[in-house]
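Visitor: all I have is the shape, not the residue letters:
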């Protein structure tokens with residue numbers, strides 16, 4: 001981001017470099033690359049959703065009162 005002072009006030013100039021456009025290979029175009037990126041993103045979302053579902057279905061950890069029994073402490 002560049003900020004410069006002019007007679008009327010300040011002018012802010014910023015540039016944005018997209019990573020998705022930065023990694024295009026020669027001969028590849030944005031439309032085909034976007035389809036691949038979107039598919040990878042959706043697969044990642046599905047993987048996260050299945051991980052959350054598995055976490056929710058997991059057995060409940062023992063409560064603190066049962067910890068003494070598990071550790072054989074009297």
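Guide: Alright, I've got the coordinates. Quick caveat, the model's predicted, so the values are computed rather than measured.
Visitor: residue 4: what secondary structure?
Guide: Reduced to three states with DSSP: H, G, I helix; E, B strand; the rest coil, the structure at residue 4 is strand.
Visitor: let me know the pLDDT of residue 64.
Guide: pLDDT for residue 64: 63.
Visitor: need the strands for the protein, in chain order.
Guide: Counting by DSSP state E, the chain has strands at residues 2-5, 10-13.
Visitor: looking at the ones you listed, which is nearest to residue 24?
Guide: strand 10-13 (25.2 Å; Cβ to Cβ). C-beta: built from backbone N, CA, C; applies to glycine.
Visitor: average pLDDT for the closest one?
Guide: pLDDT averaged over strand 10-13 gives 74.
Visitor: that strand - contacts with which helices or strands?
Guide: Here strand 10-13 touches strand 2-5, going by 3 or more Cβ pairs under 8 Å, 6 or more residues apart in numbering; DSSP states H and E.
Visitor: re the thing from before, could I get the strands of the chain as TSV with mean neighbour count?
Guide: Formatted as TSV, those follow (neighbours: other Cβ atoms under 10 Å):
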stretch	mean neighbour count
strand 2-5	8
strand 10-13	8
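Visitor: would you turn these into CSV with distance to residue 60?
Guide: CSV is the format used below for the strands of the chain (distance: least, Cβ to Cβ, whole Å):
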stretch, distance to residue 60
strand 2-5, 55
strand 10-13, 53
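Visitor: looking at those, spot the one closest to residue 53.
Guide: Short answer: strand 10-13, nearest of the strands of the chain by Cβ to Cβ, at 45.3 Å.
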